[in-house]
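> Give me a 3D structure for the following:
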Amino acid sequence: MAPESVGLIGILAMLVLLALKVPVGIAMIAVSVVGYGYIIRPAAALTRLGSDPFTSVTSYAFSVIPLFILMGQFLAHAKLGSDLFSFVNSLFGRYRGGMAMATVGASALFSSVCGSSIATASTMATVSVPEMRKYSYDEGFAAGAAAAGGTLGILIPPSAALVLYGILTEEAIGKLLIAGFLPGIMTAAILMIAAHLVARFRPHLAPVAGAASRPNIWQAFKKTWAVPVIFAISIGGIYGGVFTPTEAGAVGAFLSLLFGVLTGRLSWPSLFAALYQTARVTAVIFLIVVGGKMFGYFLTVTRIPLTLTAYISSMGVAPFLVVFVLFALYFVMGALMDEIAILVIMTPIVYPIITKLGFDGVWFGVLTIMMLLTGLLTPPVGLLSFIVSSLTNVPLNKVYAGVTPFWIALMVSISLVILFPEIALVLPRMMK
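The predicted structure follows:
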């Protein structure tokens, strides 16, 4: 059997395993071992199975992932979510739909020290949705804002997903993280505008602007100053060439711990909970990384990426048309699969095609993460929609209805980054 045929069968087999709820990492490892053994020889596949899990995750580059996760967990368990919401609400609460705008804005701030969409959505949903209910917001609209804001967690640095993309493609992780900043801020702004427009044109979904009480801006800021300071030191250190990404993660985690301890926000139980969640999330990501690396080796010997690259190059189609086709493919997959699974499955296939067409790998990394954002909201998977629904007791159908305008806003943001690549590339090009 031709290697390409084995590769296609392997991809289909993995999709079947994922549909059967087999963990992503395990599914990729199983398919890779069987397929690699068939094409090369069984002994070679078993040798890789014995060595790849160790060599994949002992790389220095991987140490940044648990450190960024730990930084976010410390601040999440320090219960900064409510203070961030109060601060942003003090700025935007006077506008129609201001509390929904504040939810997105607070999510953006929390994302700047978190790196996880699940943690961001979970934190903000439990804080903002009950508050919006007090002021007669439509619960679907309120939950939709919380879910949409959560998507920023894997775009605004520090982003574990961007780090993972960098590891899979060997692009500079520091540049990838910095590249996500402006697209993340732009996406947050577009989501906030969407919330305001929905509330303006469908006023029954949100109260009159002045109805919600708003805290004093300065008093609210005094409780949240740690977020911009930690972000400026850790991510700013990467931009200025002071820290490597791993060093930035270590500094950020230490400052987050110091803030939680000195302010009394971090008790012993919450400290242990943060450490436990960090270990749990890191273990899941590392298993996926091992599977992704092995799956990449398998695809290499099948020659599928090389064959696809040569075929697309021979077609003579406009490069940007290829990007929009990939956009549509990622969108369909995002509605059916977990976003991390899509990232590790598609990146080894798509990355060689994109670089062969002359596109910048850093730009496409940011674009890839942005294309995954829609899948976090879209049924039937819509992970963040599920999470927000379960945490707030808002029926899932109402959450899906509530995220629709924000889903459109994400499409607008993605299109802008496709049409104007400099949005993502201007800051990395200025790095030292």
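> okay, CA-based contacts and neighbour counts for the rest of this
Fine.
> Against Val403, how distant is Thr378?
Relative to Val403, Thr378 is positioned 8 Å away (C-alpha to C-alpha, to the nearest Å).
> Pass me the low-pLDDT residue ranges in this protein, would you?
208-215, 313, 336, 432 (pLDDT under 70).
> Using the three-state scheme, assign Ser136.
Following DSSP: H, G, I helix; E, B strand; the rest coil, Ser136 is assigned to coil.
> neighbours of it, just the number please.
16 (other C-alpha atoms under 10 Å).
> do the same with Phe331
Using other C-alpha under 10 Å, Phe331 has 17 neighbouring residues.
> centre of the chain versus the helix or strand hosting Ile345, how much separation?
Taking DSSP states H and E as the definition, one finds Ile345 inside helix 339-356. Mean C-alpha position of helix 339-356 versus that of the full chain (C-alpha atoms, centre = their mean, to the nearest Å) differs by 15 Å.
> Gly240: neighbouring residues, count only.
Around Gly240 there are 13 other residues, counting by other C-alpha under 10 Å.
> Equivalent analysis for Phe286, please.
19.
> Where does the residue lying closest to Ile353 once chain neighbours are set aside fall, secondary structure wise?
Distances taken as C-alpha to C-alpha, 6 or more residues apart in numbering place Thr309 nearest to Ile353, at 4.9 Å, with adjacent residues excluded. Secondary structure from DSSP H and E places Thr309 in helix 304-315.
> other SSEs contacting the helix or strand where Val362 lies?
Per DSSP H and E: Val362 is located in helix 361-375. Packed against helix 361-375, as judged by 3 or more C-alpha pairs under 8 Å, 6 or more residues apart in numbering; DSSP states H and E, are the following elements: helix 160-169, helix 173-179, helix 319-334, helix 339-356, helix 396-419, helix 422-429.
> Buried residues in the host helix or strand of Gly35, which are they?
Assigned by DSSP H and E, Gly35 belongs to helix 24-39. For helix 24-39, the neighbour count (16 or more other C-alpha atoms under 10 Å) marks 24-37, 39 as buried.
> Show me how far the helix or strand hosting Gly105 is from its chain's centre.
Using DSSP H and E, Gly105 maps to helix 98-111. Distance, stretch centre to chain centre, for helix 98-111: 16 Å (C-alpha atoms, centre = their mean).
> ok, residues contacting it?
With contact meaning C-alpha atoms under 8 Å, 6 or more residues apart in numbering, helix 98-111 is reached by 81, 84-85, 87-89, 91-93, 117, 120-121, 124, 128, 132, 141-142, 145-146, 148-150, 152-154, 156-158, 184-185, 188-189, 191-193, 195-196, 209, 227-228.
> Now list the buried members of these.
Neighbour-count burial within the contacts of helix 98-111 applies to 81, 84-85, 87-89, 91-93, 117, 120-121, 124, 128, 132, 141-142, 145-146, 148-150, 152-154, 156-158, 184-185, 188-189, 191-193, 195-196, 209, 227; the criterion is 16+ other C-alpha under 10 Å.
> In helices, which of these appear?
Members of the buried ones among the contacts of helix 98-111 lying in helices (criterion: DSSP state H): 81, 84-85, 87-89, 91-92, 117, 120-121, 124, 128, 132, 141-142, 145-146, 148-150, 184-185, 188-189, 191-193, 195-196, 227.
> between Thr378 and Val403, who's got more neighbours?
Ranked by neighbour count (other C-alpha under 10 Å), Thr378 and Val403 place Val403 first, with 24 against 21.
> what sits against the more buried one?
Gly140, Phe141, Ala143, Gly144, Ala145, Ala147, Ala148, Leu377.
> Spatially central residue in the protein, please.
By C-alpha atoms, centre = their mean, the chain has its centre lying nearest to Ile154, at 2.1 Å.
> Now do the buried residues in stretch 168-185.
Buried positions in stretch 168-185, judged by neighbour count with 16+ other C-alpha under 10 Å: 168-169, 171-185.
> start to end distance for it?
Per C-alpha to C-alpha, the first residue of stretch 168-185 is 25 Å away from its last.
> contacts for that stretch?
With contact meaning C-alpha under 8 Å, 6+ apart, stretch 168-185 is reached by 108, 152, 155-159, 162-163, 165-167, 235, 238-239, 244-245, 292-293, 344, 347-348, 351, 361-363, 365-366, 413, 417, 423-428, 431.
> Return the members of these classed as buried.
Looks like the contacts of stretch 168-185 have 108, 152, 155-159, 162-163, 165-167, 235, 238-239, 244-245, 292-293, 344, 347-348, 351, 361-363, 365-366, 413, 417, 423-425, 427-428 buried, using 16+ other C-alpha under 10 Å.
> Give me the three-state assignment for Lys223.
The three-state label given to Lys223 by three-state DSSP is coil.
> I should have written Leu275 there, sorry.
Per three-state DSSP, Leu275 ends up helix.
> could you list every residue that touches it?
Neighbouring residues of Leu275 by C-alpha under 8 Å, 6+ apart: Leu70, Gln73.
> on that earlier part again, now the helix holding Thr309, how far from the chain's geometric center?
29 Å.
> hmm, who's touching that helix?
By C-alpha under 8 Å, 6+ apart, the surrounding residues in contact with helix 304-315 are Glu4, Gly7, Leu299, Thr300, Pro348, Ile349, Val350, Pro352, Ile353, Lys356, Leu357.
> export the residues you listed to a markdown table and tack on distance to Phe324?
Shown next, in a markdown table, are these (distance: C-alpha to C-alpha, whole Å):
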| residue | distance to Phe324 |
| --- | --- |
| Glu4 | 25 |
| Gly7 | 25 |
| Leu299 | 23 |
| Thr300 | 25 |
| Pro348 | 18 |
| Ile349 | 16 |
| Val350 | 13 |
| Pro352 | 16 |
| Ile353 | 13 |
| Lys356 | 16 |
| Leu357 | 13 |
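> which among the residues you listed end up buried?
Using 16+ other C-alpha under 10 Å as the burial test, the contacts of helix 304-315 include Glu4, Gly7, Leu299, Thr300, Pro348, Ile349, Pro352, Ile353, Leu357 as buried.
> And the furthest pair within the residues you listed?
The most widely separated members of the buried ones among the contacts of helix 304-315, counting by C-alpha to C-alpha, are Gly7 and Leu357 (23.0 Å).
> what's the span of stretch 51-70, first residue to last?
Start-to-end span of stretch 51-70 (C-alpha to C-alpha) is 28 Å.
> Any chance you could list what contacts it?
Residues contacting stretch 51-70 (C-alpha under 8 Å, 6+ apart): 113-116, 158-160, 163, 167, 245-247, 249-250, 252-253, 274-275, 278-279, 281-282, 286, 289-290, 293-294.
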